[in-house]
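In: requesting a structural model of the entry that follows:
(2 chains)
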Amino acid sequence: GAVVSQHPSWVICKSGTSVKIECRSLDFQATTMFWYRQFPKQSLMLMATSNEGSKATYEQGVEKDKFLINHASLTLSTLTVTSAHPEDSSFYICSARRTGGSNEKLFFGSGTQLSVL
Amino acid sequence: GENVEQHPSTLSVQEGDSAVIKCTYSDSASNYFPWYKQELGKGPQLIIDIRSNVGEKKDQRIAVTLNKTAKHFSLHITETQPEDSAVYFCAASVGSNYQLIWGAGTKLIIKP
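Out: Numbers count the residues shown, from 1 in each chain, chains lettered A, B, ... in the order given. Below is the predicted model:
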């Protein structure tokens, strides 16, 4: 399958600092990427849809000023958690949409475990 | 809006036996149904998917069936192996935006 690279895989930060997570599609161009959040033993919760060259679309209840998304190229989207607090601690996962008719699929990164102290 | 229900939440099978996980969806316009395997601390891995114009798809030990009339789809894993142990998620999407609606997940345990 296609490869989506997500970095870092884990990060520990102090409360009040900002953290940037990168998501790259390595072998295909992705006009659309998605950012998810997952709590332990739960399903994935969609946070926002990121479209290359335009503003992200956020799901209800997700603060766009807190979770900044940038999709500046066809292979890179970033999520910045600004002024992180302990309640932002979670597993964040990105996915990239590979277009192409019947080959159109969503591939996921390996996730980032964020711990805010 | 779309809602996806997944059962069972936990499934324990003997190594070598088959495992079946079932999902139902509510929106008859849903047209894409992927299955993902997630291991602890990792992102979901696409293992098989099916589109609404197909009733069944198979890839080695893994198969997916879709019943559009009943609005349910199932994952079948045959000859289970220890490395099949993981959490499996079904999902459904409507149209071409690929905003997936997820099932709650099934923890599959393969007993040696």
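
In: what residues are up against the closest residue to chain A within chain B?
Out: As assessed by C-beta to the nearest C-beta, chain A sits closest to residue B:43 within chain B, at 4.0 Å. (Glycine included, C-beta is placed from N, CA and C.) Applying C-beta atoms under 8 Å, 6 or more residues apart in numbering or on different chains to residue B:43 gives the contacts A:4, A:6, A:93, A:95, A:108-111.

In: filter the residues you listed down to just the ones in strands.
Out: The strands, defined by DSSP state E, take in A:4, A:6, A:93, A:95, A:108 from the contacts of residue B:43.

In: would you mind listing which of the contacts of residue B:43 are buried?
Out: A:4, A:6, A:93, A:95, A:108-111 (16 or more other C-beta atoms under 10 Å in any protein chain shown).

In: going by distance to residue A:22, which of those wins?
Out: Of all these, residue A:22 sits closest to residue A:6, with 6.9 Å by C-beta to C-beta.

In: apart from its chain neighbours, what residue comes closest to that closest one?
Out: Leaving aside its chain neighbours, residue A:6 sits nearest to residue A:109 (2.9 Å; criterion: C-beta to C-beta, 6 or more residues apart in numbering or on different chains).

In: please tell me how far the one you found sits from residue A:43.
Out: 17 Å (C-beta to C-beta, to the nearest Å).

In: got the ones in strands among the contacts of residue B:43 as TSV, with pLDDT columns?
Out: Below are the ones in strands among the contacts of residue B:43 laid out as TSV (pLDDT from 0 to 100):
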residue	pLDDT
A:4	95
A:6	97
A:93	97
A:95	95
A:108	95
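
In: kindly indicate which of those lies nearest residue B:100.
Out: When the ones in strands among the contacts of residue B:43 are compared for distance to residue B:100 (C-beta to C-beta), residue A:95 wins out at 8.4 Å.
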